[in-house]
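Participant: Sequence first, then the predicted structure, then my questions.
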Amino acid sequence: MERNFIRDILENFEQYDGREVVLGGWIRSLRDSKAFAFMDLNDGSSFTGVQIVLERSRLPEYDAIVRYQVGAAVVVRGEVLLTPDAKQPLEIHAASVQLEGTGGADYPLQKKRHSVEFLRQIAYLRPRTNLFSAVFRVRSETAYAVHQFFHDRGFVYVHTPIITASDCEGAGETFRITTLDVNNPPRTQQGEVDWSRDFFGIGANLTVSGQLEGETFAQAFGKIYTFGPTFRAENSNTTRHAAEFWMIEPEIAFADLSDDMALAWDMVQYIIRHILQRCPAEIAFLNQFVDKTLQARLEALAYSTFQQVTYTQAVELLEKSERTFQYPIAWGRDLQTEHERYLTEEVFRGPVFVTDYPREIKSFYMRLNDDKKTVSAMDLLVPGVGEIIGGSQREERLDVLLARMQECGLDAEDYAWYVNLRRWGSTRHAGFGLGFERMVMYLTGVSNIRDVIPYPRTAGSAPY
């Protein structure tokens, strides 16, 4: 069977006038008025469905067809007729309707509004709703835009390992990978678990970042990016944290923090413009039903310029404000979301890069500044969210890197390959990480990360 697709028909509707088409899709609604019935059909190719007109005089099985339930899968053969005065530019007059899969009175997605909490319980069906159809279509287009952005600029796409022996952030919030008997693992004479007898001969875990491995490729190809799953065993139940998520992490050689910020801003604006161009129906829906400021916010950010402030200056601005924050602000403490949103929404009223954070609150690999107190790091803050990107210039000086690792309690032997990169042809280099789901949250206005991941994994929850 040669299928047509709703998206193609809607985008080229004048070419389809009077043509016979075959569609396979799912019934969203079905209204019967005895002589005629109207079916809203969606085949997944487009956010928007199409109206199927059923005529009793043309369909011998009319009485059976109008009893089909919402959610049923059908194949419709019919003629496209243009309707220039109607809401949609066309409708399809059915010549035949074949039932492929029944719906049923117990189908959970009846034609009414459902809460996102309810829909999380039936995550295998929620892509059929308007909300999640829009969200996951935006997610798909965002992924495409990421790859296109880097490909067009000559970046090499690197697949970094998902199973690794290193902890990029050094926070210990990793998921251990083992084939040992967890009830009775082999132990050393000191009573520690003997990881040498494990599958890999060493303690291994799911990656928290592909950055360190990405740096090694940047020192050969000049500019690379990774885009893959990462994992954090952080027992957090906020709307912004998940145990499994995707990260976009470019690395550029012969580059400093200014180059890093320019690349980050270029990428963010490219993605936003792509979504505004490719997903107008989805953005219009989300703007109406999720966040009424979404369209204006995205359009403003797509063509704005960013501002820049140091962490020290940011803390001074926060201390001088008359705002009472839930988390007290002081130099040396990390900025919280409420601080970030205040800066970007009320002080700068637009995107802002905060740079040069205290060394104590940042990772070992960030380049130490000349003041010895701060590192060459940056966070991009945007209205409505706060931090959306974090990055830094990496420490390329061997002696400084070793000292920082010792200061952070890391064994240089565990990172020998990373350290050796500084021994042979090391260059200035920088990079950043963008949490893919946080970007999708920003693009859709959806406030909970569980609702931009097809099957979210969070503390205490890993169904499906």
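Facilitator: Structure received.

Participant: any low-confidence regions in the chain?
Facilitator: Where the chain drops to pLDDT under 70, the residues are 1, 169-172.

Participant: Spatially nearest residue to residue 384, not counting backbone neighbours?
Facilitator: residue 297 (6.0 Å; Cβ to Cβ, 6 or more residues apart in numbering). Quick note: C-beta positions are derived from backbone N, CA and C, even for glycine.

Participant: Run a quick neighbour tally on residue 398.
Facilitator: Other residues near residue 398 come to 14 when the count uses other Cβ atoms under 10 Å.

Participant: which residues touch it?
Facilitator: 419, 422-423, 426 (Cβ atoms under 8 Å, 6 or more residues apart in numbering).

Participant: separation between it and residue 404?
Facilitator: Applying Cβ to Cβ, to the nearest Å, the value for residue 398 to residue 404 is 11 Å.

Participant: Could you do residue 70 as well?
Facilitator: 60 Å.

Participant: Looking at these two, which one has more neighbours?
Facilitator: residue 404 (21 against 18).

Participant: is it true that the more buried one lies in a helix?
Facilitator: Yes. With DSSP: H, G, I helix; E, B strand; the rest coil as the criterion, residue 404 is part of a helix.

Participant: That one - nearest residue in space that isn't next to it in sequence?
Facilitator: residue 364 (4.6 Å).

Participant: what does residue 334 give?
Facilitator: residue 361 (4.9 Å).

Participant: so that neighbour makes contact with residue 332?
Facilitator: Yes. At 7.1 Å, residue 361 counts as touching residue 332 under the criterion of Cβ atoms under 8 Å.

Participant: what's the spacing between the residue nearest to residue 334 and residue 388?
Facilitator: From residue 361 to residue 388 the distance is 19 Å (Cβ to Cβ).

Participant: higher neighbour count, the two?
Facilitator: Neighbour tally, residue 361 and residue 388, criterion other Cβ under 10 Å: the higher count belongs to residue 388, 21 against 13.

Participant: and the more buried one, which of the three is it?
Facilitator: strand.

Participant: Quick check, it in contact with residue 442.
Facilitator: Yes. With contact defined as Cβ under 8 Å, residue 388 reaches residue 442; the gap is 6.2 Å.

Participant: anything in contact with each of those two?
Facilitator: residue 382.

Participant: Who's the closest spatial neighbour of the residue of the chain most remote from its centre, skipping the chain neighbours?
Facilitator: Largest separation from the mean C-alpha position in the chain: residue 57, at 49.3 Å (Cα atoms, centre = their mean). Among residues not flanking residue 57 along the chain, residue 35 sits closest, at 7.6 Å (Cβ to Cβ, 6+ apart).

Participant: burial of that neighbour, as a residue count?
Facilitator: Applying the criterion other Cβ under 10 Å, we find 10 residues in the vicinity of residue 35.

Participant: Show the contacting residues for it.
Facilitator: Contacts of residue 35 by Cβ under 8 Å, 6+ apart are 55-57.

Participant: Okay, helices next: where are they in the stretch 101-250 of the chain?
Facilitator: 116-120, 130-152, 211-221 (DSSP state H, counting those that start in this stretch).

Participant: measure the residue lying closest to residue 332 once chain neighbours are set aside to residue 347 for me?
Facilitator: Using Cβ to Cβ, 6+ apart and skipping residues adjacent in sequence, the residue nearest residue 332 is residue 358, 5.2 Å away. Distance of residue 358 to residue 347, computed by Cβ to Cβ: 20 Å.
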